[in-house]
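Chemist: Compute the structure for the input listed below.
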Amino acid sequence: QVQLVESGGGLVQAGGSLRLSCTASGRTLSGYGMGWFRQAPGKEREFVAAISWSGGSTYYADFMKGRFTISRDTAKNTVYLQMNSLKPEDTAVYYCATIRGYGSSAYRLSSKYDSWGQGTQVTVSS
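Modeler: Next up is the predicted model:
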């Protein structure tokens, strides 16, 4: 079983940037797609971004295209989410997760992911 640990969250002013990291232990992430999801208080968990196992394909929620960038470093067993131009509505707990054995159409569905991290809090002040 892989363990995922997110880091890099914090408090930032609107318009600022953060880079989240998701580091795996216990198993290599090679061969696994990776996704970022977020959950704000009182709301359902929602898809943010995903990257294929090769890193050659990336997927984003429509409302954050151009502001967020997902990437991965296989050698470091780590996936990143660079978040720019942050808005107060981006405030949420951000989670990373692994996915394997599904096509790209499944990447936006949290139910298709198997291992999840504990999350990191991102708070954007206005």
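Chemist: got any ranges where the chain has weak pLDDT?
Modeler: For the chain, the stretches with pLDDT under 70 are 65.
Chemist: So which residue is smack in the middle of the protein?
Modeler: Geometric centre of the chain, nearest residue: residue 36, 2.1 Å, by Cα atoms, centre = their mean.
Chemist: for the residue lying closest to residue 45 once chain neighbours are set aside, which residues make a bridge with it?
Modeler: Distance criterion Cβ to Cβ, 6 or more residues apart in numbering; nearest residue to residue 45, sequence neighbours excluded, is residue 39 at 4.3 Å. (Each C-beta comes from the backbone N, C-alpha and C, glycine too.) As for beta bridges, residue 39 partners with residue 93 under DSSP bridges.
Chemist: burial measure for residue 39, as a count.
Modeler: By other Cβ atoms under 10 Å, 15 other residues sit near residue 39.
Chemist: Next up, the contacts around it.
Modeler: Residues in contact with residue 39 (Cβ atoms under 8 Å, 6 or more residues apart in numbering) are 45, 46, 92, 93, 95, 119.
Chemist: What segments of the protein are strands?
Modeler: Counting by DSSP state E, the chain has these strands, from start to end: 3-7, 10-13, 18-25, 33-39, 46-51, 58-60, 68-73, 78-83, 92-99, 120-125.
Chemist: among these, which is nearest residue 113?
Modeler: Residue 113 lies closest, by Cβ to Cβ, to one member of these: strand 92-99, at 3.8 Å.
Chemist: Just the residues contacting the closest one, thanks.
Modeler: Contacts to strand 92-99, defined as Cβ under 8 Å, 6+ apart, come from residues 2, 4, 6, 9, 20, 22, 24, 29, 32-40, 43, 45, 48, 50, 79, 81, 106-107, 110, 112-122.
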